[in-house]
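Q: Model the structure of this input:
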Amino acid sequence: MSITLRKLTEPQDLQQLEALEGAVWNTTEVIPYHMTITIAKFGGLFIGAFDEDKMVGFLYTFPGNSHGEPHLCSHMLGFLPEYRKQGLGVQMKWLQRDEAMAMGHTKITWTYDPLETVNGVLNIAKLGGIVRTYLPNCYGALDDEFSRGIPTDRFLIEWFLDSNRVENHRAQKGEKPNLVEGAPEVLSYEIVDGFPKPIEQRFDLQEPILLLPVPAHFQEVKRRDMDVARSWRKLTSELFQSYMGQGYTVTYIFRDPDQDIVRYVLDRRPLPAILDSAARDRA
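A: Predicted structure coming up:
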C-alpha cells in the first residue's frame, strides 16, 4: 500500500474531502464545501492522504488569532478505518508543519482530551507540542461515544514549529527527561483488579518536575464505572489548572510498564528554556 500526502487546493479535492469527512465522522456535521473552499482561499490549510486517486484521510486547519498573535488552528484529522494505526497521522502532521511554515506561520494550536492518552503520546511525545492552557468543559455536553456523560475538558496544544524542541522531536531525539526519575506525583491512585482509581490530590508541591498520573485506558474506565471516570476528570482537572496557574507546562507523557497508568510531566522551566532544548539534553 502506497499512500501519498499533499496539500489540497483544487475544488475537486475539497469536494472529495466533504464526502470523506462524512464517512470518517458523521454525515450530519460535515463542514460544507462552500466553507472549505473559502477557507482554503483565505489562509486555511487542508491536507489529504490518497491511496492512488482515492482520498482516505484528511487534515483540516483554519487561521486563528489569540491575544493578538496569528497562528493556525488544527481542527480535524481523520482516516478511514482501514488506514488507521499505520503512522499516517504523524506523517500528515509533519507535512502540516512544513506547509504552515511555508505560509509564514510559527505556531499551530489544537485541542484534545487529556484523558485520551493515545492522542497525548502523539501530540506531546512524538510531535513535541506543549500544554500551558486547560479548557474545562470546552464544548459543553456532547452525546458522542467518547464524551457522553462527562465534562468535555480539553488541553490546548501549542506547537512551536520553528523551535529546537520540535526539530529534535522530528529527528526522534525527544526522549523521556532524566529528571522524571524520582519526581513526586501530585495525585495518588490505587490499582484494584487492573482498574486504576484516584485517591488523593497534592496542591502544595513545588519541585521543578512533577508527575500527574492518569488512566491509560479511560474509555475502559468509563465502561466499568462512570463514577470513577468522573472522579478522574474532576481531580485531574483541578490539578492541571492549579499547577498551570503556578507556571507549570506539560512537556512530556510516558506509559507505566504495566500499561494501566500514563504520567504527564509538569515542567516549571520558562517557555524559552523548554523550546530551546531537547528532552534528551536535560539531565
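Q: quick one: the strands in the stretch 151-283 of the chain?
A: Listed in chain order, the strands of the stretch 151-283 of the chain (DSSP state E, counting those that start in this stretch) span 154-160, 187-192, 195-201, 209-215, 249-255, 261-267.
Q: Now render these as CSV, adding mean neighbour count, mean pLDDT and distance to Val180.
A: Using the backbone N, CA and C atoms, a C-beta is placed for each residue, glycine as well. Listed next are those as CSV, based on neighbours: other C-beta atoms under 10 Å; pLDDT from 0 to 100; distance: least, C-beta to C-beta, whole Å:
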stretch, mean neighbour count, mean pLDDT, distance to Val180
strand 154-160, 22, 98, 19
strand 187-192, 13, 93, 15
strand 195-201, 15, 95, 19
strand 209-215, 23, 97, 6
strand 249-255, 21, 94, 7
strand 261-267, 23, 96, 6
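Q: So which of those is nearest Glu52?
A: Nearest to Glu52 among the strands of the stretch 151-283 of the chain is strand 154-160; the distance by C-beta to C-beta comes to 30.5 Å.
Q: Next, the angle from that closest one to strand 261-267.
A: Put simply, strand 154-160 runs at 50 degrees to strand 261-267, going by axes from the mean of the first three to the mean of the last three C-alpha atoms, to 10 degrees.
Q: follow-up on the earlier one: so can I have a markdown table of the strands of the stretch 151-283 of the chain showing distance to Val56?
A: Shown next, in a markdown table, are the strands of the stretch 151-283 of the chain (distance: least, C-beta to C-beta, whole Å):
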| stretch | distance to Val56 |
| --- | --- |
| strand 154-160 | 24 |
| strand 187-192 | 39 |
| strand 195-201 | 35 |
| strand 209-215 | 31 |
| strand 249-255 | 28 |
| strand 261-267 | 29 |
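Q: since we're on the residue nearest to Gly44 when sequence neighbours are not counted, how many residues are nearby?
A: Spatial nearest neighbour of Gly44, excluding adjacent residues (C-beta to C-beta, 6 or more residues apart in numbering): Phe62 at 4.8 Å. A count of nearby residues for Phe62, using other C-beta atoms under 10 Å, gives 19.
Q: Having no further points to raise, I will conclude here.
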